[in-house]
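A.B. asks: My questions are about this predicted structure, shown below with the sequence.
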Amino acid sequence: MKDIGVIVFIKNFELGTVKTRLAKGLGDEEALSIYKQLVDITLTELAKTGLPTHVFFNQYVDQDIVSQYGRSNFVYHIQEGEDLGQKMDHAFQKVLPLHDGVLIMGTDCPYFKSDNILNACKLLSSNAAVVGPANDGGYYSLGLSQYIDVFSNIEWSSSSVYQDTISRLEALQLSYDTLPAYDDIDYEADWIKYINSRTDMNF
């Protein structure tokens with residue numbers, strides 16, 4: 001497998017600013033608690049992979065997370081840009097020159113485990129791109145082995161993000177592979193479904 005790096009986007013732990021759709025049903029404090037759990041799941045799985053991981057916070061580097069996860073394969077940054085597309089574009093342009101390919105992910109998909117992440121990197125080693133579709137029409141992960149503008153003129157948080165991204169890759173005649181479709185955790189029902197899945201699998 002080629003040298004693949006990972007970018008993960010994290011929002012700082014501030015009440016009322018994370019998982020706002022969850023908060024509508026559960027309240028800000030419970031939403032923040034769930035978000036902290038999702039971040040922990042994501043970073044724990046990434047630590048298992050041993051892959052060079054670039055953690056991008058939206059405001060400031062959280063020293064508690066640095067203390068907990070260390071710097072063995074984690075590097076910490078601040079996101080730059082006005083919207084999600086600009087922030088991802090900037091992160092790719094900063095990290096991609098350091099590796100043969102880069103996989104970006106958020107913290108909304110706890111189903112994306114270490115073995116899935118490593119498989120995505122393997123697929124990226126032989127493709128220009130790899131995309132992990134979310135069941136809501138977005139994507140939970142995107143990998144690029146070369147810089148491609150797949151971030152501008154995308155209606156983020158819409159149900160067409162995944163298809164618009166695929167259409168752009170196809171228009172450029174670039175090779176890509178897709179990952180299994182998973183749920184993001186956006187609403188209370190999503191979280192309950194995930195907790196039940198963990199119980200069923202005896203996690």
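C.D. replies: In hand now; what should we look at? Numbers count the residues shown, from 1 in each chain.
A.B. asks: so where is the chain shaky, pLDDT-wise?
C.D. replies: For the chain, applying pLDDT under 70 flags the ranges 1, 199-203.
A.B. asks: where do the helices sit along it?
C.D. replies: Using DSSP state H, the helices of the chain run over 20-26, 28-49, 63-69, 84-95, 114-124, 161-171, 188-200.
A.B. asks: any chance of those helices in CSV, plus distance to residue 103?
C.D. replies: Any C-beta I mention is one placed from the backbone N, CA and C, and that applies to glycine too. Formatted as CSV, the helices of the chain follow (distance: least, C-beta to C-beta, whole Å):
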stretch, distance to residue 103
helix 20-26, 25
helix 28-49, 10
helix 63-69, 18
helix 84-95, 10
helix 114-124, 6
helix 161-171, 14
helix 188-200, 22
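A.B. asks: Find the residue closest to the residue nearest in space to the middle of the chain in space, skipping its chain neighbours.
C.D. replies: In the chain, the centroid-proximal residue (C-alpha atoms, centre = their mean) is residue 105; its distance is 1.5 Å. Distances taken as C-beta to C-beta, 6 or more residues apart in numbering place residue 141 nearest to residue 105, at 4.3 Å, with adjacent residues excluded.
A.B. asks: next one: residue 114
C.D. replies: Excluding the flanking residues, the one nearest residue 114 by C-beta to C-beta, 6+ apart is residue 48, at 4.0 Å.
A.B. asks: Perfect, I'm done here.
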